[in-house]
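*Asks:* the following comprises the amino acid sequence and a computationally predicted model.
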Amino acid sequence: MIKSRHKARSLALQELYSMGVQATVTPSVFSTVKSEDELFTFLREDERKELDPTLLAYATFIVNYVVENFEDINAKILAYSRGRSLDRIAPVDLAILRLSIATLLFDKDTHPSIVIDEAVKLSSSYSNEINFRFINGVLDSFVKENIKTKSTKGTI
C-alpha cells in the first residue's frame, strides 16, 4: 500500500503539473472535474493497464479534490508562501503544494508529518534540490496553524 500511495501521489502530481502548465493558456482547466479516462493521458496504454485500479482511483480523487477546492487551496498556499505570489512559485512546486494541501485537508488518517515527508520526496524527484525547503516551510506553517494532529502516526 505504501508504494501504491506514493505512486498515486506521483501520478496526481504529474497531472496537476500538466494542468497547471495548461492553465496558463486555458485558465478553465481547473474548473471541471474529470473522469479517470480523461486524466493521466501522459501514460501509455500498456502502462495504464498495468496500474492497480485503486491506485488510479486514488490519484483521480486527489486531482479532482484539487479541482473542486482550487480557489481555497490556492488561498491557503498564498497565505503561507511568505509573500510569494502563485506566479512566482515554480509550476512543479505549486503542483506539489496543491497536492499536499489537498491531502492534508481530506486525508485525516495520514499524519501530517507523512504528508510533508512525501512532499519533500516528490520535490527531490521532480523539482530542484533547494525548493524542498520552501515546500517544507509552507506545509509546516500550514499544519501548525490548521491541522490538529493525533499522537499516533497515520498510514502512508
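*Replies:* Sure, I can see it. Residues are numbered from 1 along each chain as shown.

*Asks:* report the longest helix in the chain, please.
*Replies:* Looking across the chain with DSSP state H, the single longest helix is helix 2-23.

*Asks:* any idea how far that helix is from the chain center?
*Replies:* Computed by C-alpha atoms, centre = their mean, to the nearest Å, the chain-centroid distance of helix 2-23 equals 7 Å.

*Asks:* can you start the count at 29 instead of 1 from here on
*Replies:* Sure, I'll start numbering at 29, so the last one becomes helix 30-51.

*Asks:* which strands and helices lie in contact with it?
*Replies:* Secondary-structure packing of helix 30-51 (3 or more C-beta pairs under 8 Å, 6 or more residues apart in numbering; DSSP states H and E): helix 81-96, helix 119-134, helix 140-154. Just so you know, the C-beta spots here come from the backbone N, C-alpha and C atoms, and that holds for glycine as well.

*Asks:* switch to 6 Å and redo it
*Replies:* Judged by 3 or more C-beta pairs under 6 Å, 6 or more residues apart in numbering; DSSP states H and E, helix 30-51 is in contact with helix 81-96, helix 119-134.

*Asks:* can I get these in TSV with distance to Ala147 and mean neighbour count?
*Replies:* Shown next, in TSV, are the helices and strands packed on helix 30-51 (distance: least, C-beta to C-beta, whole Å; neighbours: other C-beta atoms under 10 Å):
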stretch	distance to Ala147	mean neighbour count
helix 81-96	13	19
helix 119-134	4	24
